[in-house]
Structure formats: structure tokens, C-alpha cells
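K.L.:
compute the structure for the input listed below.
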Amino acid sequence: GGSALSIVTWSGKNGGYPLATSMDQSNVTSNVISALSPSSTSSVVGLGTVYLESSILVMSNILFKHNFGTALFLSSSFVTLQGNVEFAYNYAINGAAVYLSGVSWMKFTRGLQLVFESNHALQYGGGVYQEFPLPGATGEWWNCIVQYENNYVIMDDWEVNVTFVNNSAQTGGHSIYLSN
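P.N.:
Below you'll find the model as predicted:
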């Protein structure tokens with residue numbers, strides 16, 4: 001059970017502040033992730049090789065390969081992607097490469113080379129799976145699942161390259177699946 005790396009913001013009586021963590025020049029490979037036992041107090045931890053809850057992650061030059069269980073799972077978190085980021089040959093029930101839950105998103109930076117290759121989901125979202133929050137479930141404004149580092153640059157002028165190659169999902173959303 002558990003995750004290879006789990007980052008969770010502590011939220012005691014006085015609240016908690018999101019943790020900002022960075023990963024650079026890393027390979028995250030051949031992890032087998034399973035959900036925690038039913039007696040666990042957390043309902044989400046253990047679903048991703050790298051798991052974030054109410055946190056911020058900056059990833060540069062990362063390879064996620066041959067992981068069983070979602071490679072990158074974000075729960076009310078966001079990740080900034082820089083340099084070369086690749087998700088290849090990952091396998092999960094939903095969102096083999098990336099699973100976005102609640103108010104979560106990916107921020108792209110100038111020069112990003114992002115590749116989703118040969119990821120497979122048993123149900124939905126071979127590349128990316130987005131589980132939208134229920135309307136009114138959060139008091140927060142909802143963002144798009146993808147943003148650019150400069151909010152004033154229109155999408156046609158983003159200097160990024162995102163490639164989806166040979167991803168699959170048995171039920172729907174070979175590359176991307178949005179739940180709502």
C-alpha cells in the first residue's frame with residue numbers, strides 16, 4: 001500500500017499552508033501501488049506513485065515509467081511542469097499517467113516537452129483523468145485543468161509541446177477523460 005512519495009499538507013486547528021516541493025532530474029520507475037486497507041483513516045492516499053494532497057509540486061526533467069497505480073495523483077493540488085516530462089507505460093484503473101481530483105491542475109512553462117506514451121487505464125483516462133468536484137462542493141473558483149505560466153498569453157502562443165502516443169483506456173478517454 002501507500003505511495004512511493006506522498007506529500008500532504010497538515011491542516012490542524014489553525015489551518016495549514018500548502019507545501020511547495022520540487023523534483024528535478026528524476027526517474028520514477030517500476031513502482032507497484034495499491035490502495036490502503038479499508039481501516040485507513042484516509043480515503044485517497046495510496047492511489048498514486050507520487051501523491052499530492054493540498055500541495056504544490058514543481059517537476060523538471062522527470063520520467064515516470066512502468067508504474068502500476070497512477071503515476072502522478074493530485075488531490076486539490078497543482079503541479080508546474082518544466083523541461084522534459086514523460087509518462088510512459090504506466091498502468092492504473094483510472095488515469096494511468098495523471099489523475100486530477102478536486103480542484104487540481106497542471107501549469108505548463110515555456111519550452112515544456114510533455115509526452116504521454118503507451119499508458120493504459122482499465123476504465124478511463126489512459127493519459128489523464130480528471131475527476132471534477134461536484135458543483136458547490138468546494139467554495140473555490142474552478143480552474144481549467146491546464147494553465148500556462150503567463151496568464152496573459154493566449155493558448156495559440158504557448159511555447160509548449162504536448163504529445164499523446166498510443167495511450168489506451170478500455171471504457172473511454174484514451175488520451176484524456178473528463179468526468180463531468
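K.L.:
please count neighbours and contacts with C-alpha atoms only from this point.
P.N.:
Will do.
K.L.:
can you show me the helices along the protein?
P.N.:
Counting by DSSP state H, one finds no helices in the chain.
K.L.:
lowest average confidence, helix or strand, in it?
P.N.:
Ranking every helix and strand in the chain by mean pLDDT, DSSP states H and E puts strand 5-8 at the bottom, with a mean of 76.
K.L.:
now that one: buried residues?
P.N.:
Neighbour counts using 16 or more other Cα atoms under 10 Å place Ser6, Ile7, Val8 of strand 5-8 among the buried residues.
K.L.:
can I get these in JSON lines with distance to Glu86?
P.N.:
Shown next, in JSON lines, are the buried residues of strand 5-8 (distance: Cα to Cα, whole Å):
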{"residue": "Ser6", "distance to Glu86": "20"}
{"residue": "Ile7", "distance to Glu86": "21"}
{"residue": "Val8", "distance to Glu86": "24"}
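K.L.:
got the end-to-end distance for stretch 160-171?
P.N.:
By Cα to Cα, to the nearest Å, the extent of stretch 160-171 from end to end equals 29 Å.
K.L.:
off-centre distance for that stretch?
P.N.:
14 Å (Cα atoms, centre = their mean, to the nearest Å).
K.L.:
list the buried residues in it.
P.N.:
Under the neighbour-count criterion of 16+ other Cα under 10 Å, stretch 160-171 has Val160, Phe164, Asn167, Ser168, Ala169 buried.
K.L.:
which of these sits closest to Gln130?
P.N.:
Using Cα to Cα, Ala169 comes nearest to Gln130 of the buried residues of stretch 160-171, at 13.7 Å.
K.L.:
tell me the pLDDT at that closest one?
P.N.:
At Ala169, the pLDDT value in this model is 97.
K.L.:
test my guess that it contacts Gly125.
P.N.:
Yes. Under the criterion of Cα atoms under 8 Å, Ala169 makes contact with Gly125 at 5.8 Å.
K.L.:
where does the protein dip in pLDDT?
P.N.:
Applying pLDDT under 70 to the chain flags the ranges 1-2, 10-19, 34-46, 133-143.
K.L.:
residues contacting Gln170?
P.N.:
Counting by Cα atoms under 8 Å, 6 or more residues apart in numbering, Gln170 touches Ala121, Leu122, Gln123, Tyr124.
K.L.:
which of those residues sits closest to Val32?
P.N.:
Using Cα to Cα, the contacts of Gln170 come closest to Val32 at Ala121, 14.6 Å.
K.L.:
quick check: beta-bridge partners of the closest one?
P.N.:
For Ala121, the beta-bridge partners under DSSP bridges are Ala92, Ala169.
K.L.:
quick one: it from Glu149, how far?
P.N.:
Counting by Cα to Cα, the separation of Ala121 from Glu149 is 29 Å.
K.L.:
what of Ile56?
P.N.:
As judged by Cα to Cα, Ile56 and Glu149 stand 14 Å apart.
K.L.:
neighbour count winner among the two?
P.N.:
Legend: neighbour count by other Cα atoms under 10 Å for Ile56 and Glu149, higher for Ile56 (22 against 13).
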